[in-house]
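Enquirer: Quick one: sequence plus predicted model below, questions after.
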Amino acid sequence: MVHIRERFAAVAVTVVFVVLSSMSAQAAPYPVHFSQIAMERVHSYEGAPLYPLAGSELIVMPTIVNTGSTAASVTLELDLPPGGVFEGSLTQSAMCADGGFWVSCTLPTLAPGAALTPDLLVRVPATTGITTLVAALRAGSLGRVDTYPVTFYVVPRDAQLSLQLLPSLTNVAAGATLTETMHIENSGIHYTTPITIEATTGSALTPFSVTGAPCSLSPIRCTDIVLGPGQSIDIKVGLRASNTSTLAMFTGSVMSFTTDPLTADANIVIGGDVASTVTTMTADHDSATPGQPLTYTVQVTNSGPGDAYYVKTQIVMTSEGVISHAEGTALTNCAIQQLRYIVDCDTLTLARGATATGTLSIVPPLGSEVGLKATTTLLNGPSQTVSVSTPVAWIQSDVVLTVEEGAQSAIAGQRSTLHFYVANAGAGDAANVFFDATFGAGLALASIKTSAGSCVGTHCAIGTLKAGATELVTLTVQGVSAGAQRIHAAVSCDAENGPLQNNAASATINVTAARNRGARH
């Protein structure tokens, strides 16, 4: 059964071991000295004194005798091993002060021939290996008149604690009562060192009872609990909710000398109406191009009568491809998991009627579609799962370039304007569409503009061209020298699968020399 340790309780199994450690080679000049030091384990499960389990308690019992003919007094000192802890004197006549790494105990004066054996409670280090505790006697200005080292080997302790908050109400009415249960279990093969269990609540929860072990209520704290292998304990805390609607938190924690601290949280909605979320995912393109970014906008809307608490949305790719980027506005903490096909987003509170938004950048696969599934859960409402898919088009685009004027005539020094039409004749959007024009020295660039994108020199970046859409590039040149001046233009885009011959167009401008007006006679 679970053992609640009482400090200085009777030992179930007592083992006294006289440590045959070497004393001073010569008799000390002072008549008071150690005759022996015995060690006794506090509990039957702690192991032999020379091989104590990590973090176990030992009673150190040095026997001090006065072999002189007059009364004498000394101070007992203990040099603790690194990680060791002095837990107190079990002998009232030994008044001890803990200095951290050492202990100083004032002893009563010893009559000639008298002996004294104080009982000192020491906890051995939590780390394993050979360690040494040194007992010493100090006599005023003489300093230490006798020392007695005790060496022992600390063996590993396999005590493995777990903490779980058993299911309780996540939604309670204002002013109602509820119970939170902290379940602590030792799955190791050794007894634990004494366990401390604590719980904290915010102002919205008022504890009124705690059962399962001797515990204090304010603060909630249970101490000196020892669990044997496979044993567990349930600490039940009675709570009263506040009279106002809010989100409250209950936090439980477990600590022991030889195990890492554990914590667990429970979130409780007080007096809130049930919320309801609607999740949508929308792609920025009707179809995807393999290897080209595809952006999804994820929106979570609270359409219920109450605020939604601890809203979590997990988005999983159900097809090939990877998630290259994720971020959110109200849909916060969007994190891409290690394998880059899962994104977890959350927001603490989503007010009724509010919408949280996030975006995902997807690198589409070579397969037939991009598939995503989003699951939204919340503390005070039902969960929801939606799935979307976007086809991956193999023939994404077929850009076609035509020029309105096939041939023109101009006089040197005059300007001519050509209209080039860039169209997407393909079944899907064309990404990264570019227009470039070239011509000889017989022409000079006067101006260029495009109905979409921007131009530098004779290079225009049109951007994405939707399926069936057409954009216009207007090119104006000025004749420089006479002759047939040819202008050549071409377009390009990502995933071009149409015939290459329709990606170019040419025009000719016949430039004639300027006429000289003769002098009038």
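Expert: Structure's in. What do you need? Residues are numbered from 1 along each chain as shown.
Enquirer: Now do stretch 323-334: everything it contacts.
Expert: Residues outside stretch 323-334 that contact it (CB atoms under 8 Å, 6 or more residues apart in numbering): 293, 298, 300, 313, 315, 317, 335-336, 340-347, 350, 354-363. To be clear about C-beta, it is placed using only N, CA and C from the backbone, and glycine gets the same treatment.
Enquirer: And these, which of them are buried?
Expert: Burial of the contacts of stretch 323-334 was assessed by neighbour count (16 or more other CB atoms under 10 Å); the buried members are 298, 300, 313, 315, 317, 336, 341, 343, 345-347, 350, 355-356, 358-360, 362-363.
Enquirer: about what we covered before: among the contacts of stretch 323-334, name the ones in helices.
Expert: Taking DSSP state H, every one of these sits outside helices.
Enquirer: Can you list which of these are found in strands?
Expert: In strands, defined here by DSSP state E, the members of the contacts of stretch 323-334 are 298, 300, 313, 315, 317, 335-336, 342-347, 350, 355-363.
Enquirer: Surely Leu80 is in contact with Val122?
Expert: Yes: assessed by CB atoms under 8 Å, Leu80 is found in contact with Val122 at 7.1 Å.
Enquirer: Spit out the residues that contact these two alike.
Expert: By CB under 8 Å, 6+ apart, the residues touching both Leu80 and Val122 are 86, 133.
Enquirer: Now for the most centrally placed residue in the chain: which residues touch it?
Expert: In the chain, the centroid-proximal residue (CA atoms, centre = their mean) is Ala335; its distance is 9.7 Å. Taking CB under 8 Å, 6+ apart, we find Ala335 in contact with 326, 343-345.
Enquirer: same question, Ser451
Expert: So Ser451 contacts 471-473 (CB under 8 Å, 6+ apart).
Enquirer: Now do the domain split for this structure, please.
Expert: Split into domains by automatic domain parsing, the chain comes to 7-154, 161-270, 277-391, 399-512.
Enquirer: Mind putting the ones you listed into CSV with mean pLDDT?
Expert: Compiled in CSV, these are given as follows (pLDDT from 0 to 100):
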stretch, mean pLDDT
domain 7-154, 84
domain 161-270, 92
domain 277-391, 88
domain 399-512, 87
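Enquirer: Show me which residues of stretch 231-239 are buried.
Expert: By 16+ other CB under 10 Å, the buried positions in stretch 231-239 come out as 231, 233, 235-237, 239.
Enquirer: Also stretch 35-55?
Expert: Buried residues in stretch 35-55 (16+ other CB under 10 Å): 36-43, 45-47, 49, 52-55.
Enquirer: Show me how far that stretch is from its chain's centre.
Expert: Distance, stretch centre to chain centre, for stretch 35-55: 42 Å (CA atoms, centre = their mean, to the nearest Å).
Enquirer: Next: stretch 289-304.
Expert: Here stretch 289-304 is found 24 Å from its chain centre; the criterion is CA atoms, centre = their mean.
Enquirer: first vs last residue of it, how far apart are they?
Expert: This stretch, stretch 289-304, spans 38 Å end to end (CA to CA, to the nearest Å).
Enquirer: That stretch: which residues count as buried?
Expert: Those would be 289-290, 292, 294, 296, 298-302, 304, for stretch 289-304 by 16+ other CB under 10 Å.
Enquirer: and Gly413, how many neighbours?
Expert: Neighbours of Gly413 under the rule other CB atoms under 10 Å: 11.
Enquirer: give me the element it is part of.
Expert: Of the helices and strands defined by DSSP states H and E, none includes Gly413.
Enquirer: give the contact list for the closest residue to it other than its chain neighbours.
Expert: Leaving aside its sequence neighbours, Gly413 sits nearest to Ala514 (CB to CB, 6 or more residues apart in numbering; 5.7 Å). The contact partners of Ala514, by CB under 8 Å, 6+ apart, come to 411-413.
Enquirer: how about these in JSON lines, adding distance to Thr201?
Expert: What follows is the contacts of Ala514, written out as JSON lines (distance: CB to CB, whole Å):
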{"residue": "Ile411", "distance to Thr201": "91"}
{"residue": "Ala412", "distance to Thr201": "90"}
{"residue": "Gly413", "distance to Thr201": "88"}
